[in-house]
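**Student:** 3D, please:
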Amino acid sequence: MSLKTLIVTNKTLYDILNEIGTIINLKIVNGADNDLNFSEVDNYLLISLGKKLNKKNELFILDYPIKIKKLIEIVNINFLKINYNLKSKINVGKYELNLNSRVLKLENNSLDLTEMEANIIIFLKNSDEPTNIKKLQEKVWGHVPDLETHTVETHIYRLRKKIKEKFKDEYFINSTKNGYEIN
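**Tutor:** Numbering: from 1, shown residues only. Predicted coordinates for the structure are as follows:
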């Protein structure tokens, strides 16, 4: 995930936070800049004082002055909420995956997944091309040298079987000559 971006509309607060931005591990952007395109900013929180802008991910501070420690605490809590919400509804083809609860849904049916199954689905979803067993071992399992290819194949087999039984879908994860891919 990219660096968290804090967009600050108040010039004084922007100057203060910009000075300590690297310490608090945030990218600080001047929200007073009218050329700012929110669709180009990933993983952001907008802080506004005095005037609510009614933007997505806006944190409206009404009680100020505010201690910087308290502000950072509020900012971190809001970033946690944003991250939680982002993970609660991920589209994977015709399915919806909730990474927080590790549930795969299709209409009114849902399937509980293990953490590894959810990781496999997300990795395959984000892959531009079919993924072979060696790459899955390296990227999903963290390349365990002693890991047999049967471990990966068994996980994929069981996941495909669960999806087939629950959703009657034999083609969610396809096996090609170059590896596995999400249909």
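
**Student:** please make it C-alpha for all contacts and neighbour counts, starting now.
**Tutor:** Will do.

**Student:** pLDDT (mean, whole number) over the top strand by length along the chain?
**Tutor:** The longest strand of the chain (DSSP state E) is strand 44-49. Computed over strand 44-49, the mean pLDDT rounds to 87.

**Student:** got it, and stretch 158-172?
**Tutor:** Stretch 158-172 carries an average pLDDT of 93.

**Student:** now do the buried residues in whatever helix or strand comes next after the longest strand of the chain.
**Tutor:** Moving toward the C-terminus from strand 44-49, the next helix or strand (DSSP states H and E) is strand 58-61. Neighbour-count burial for strand 58-61, counted by 16 or more other CA atoms under 10 Å, picks out 58-59, 61.

**Student:** where do the helices of this structure begin and end?
**Tutor:** Using DSSP state H, the helices of the chain run over 11-20, 68-87, 115-126, 133-139, 149-167.

**Student:** among the ones you listed, which is nearest Lys4?
**Tutor:** Of all these, helix 68-87 sits nearest to Lys4, with 7.9 Å by CA to CA.

**Student:** Asn108 - how many residues pack around it?
**Tutor:** Neighbourhood size, Asn108 [other CA atoms under 10 Å]: 5.

**Student:** returning to that earlier point: ok, the longest strand of the chain: who's next to it in the sheet?
**Tutor:** Each strand paired with strand 44-49, and its direction, by DSSP bridges: strand 5-8 (parallel), strand 58-61 (parallel).

**Student:** quick check: buried residues in it?
**Tutor:** For strand 44-49, burial by neighbour count (16+ other CA under 10 Å) applies to 44-49.

**Student:** mind putting those residues into TSV with distance to Pro130?
**Tutor:** As requested, those are exported to TSV (distance: CA to CA, whole Å):
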residue	distance to Pro130
Tyr44	32
Leu45	35
Leu46	38
Ile47	41
Ser48	44
Leu49	48
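
**Student:** those residues: which two are farthest apart?
**Tutor:** Maximum pairwise distance among the buried residues of strand 44-49 (CA to CA): 16.6 Å, between Tyr44 and Leu49.

**Student:** how about the CA coordinates for the longest strand of the chain, as CSV?
**Tutor:** This file holds the C-alpha atoms of strand 44-49, laid out as CSV (Å, rounded to 0.1, in the frame of the first residue of the first chain):
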residue,chain,number,x,y,z
TYR,A,44,-5.6,9.8,1.7
LEU,A,45,-7.3,11.7,4.6
LEU,A,46,-8.5,15.3,4.1
ILE,A,47,-8.3,17.6,7.2
SER,A,48,-10.4,20.7,7.2
LEU,A,49,-10.9,23.3,9.9
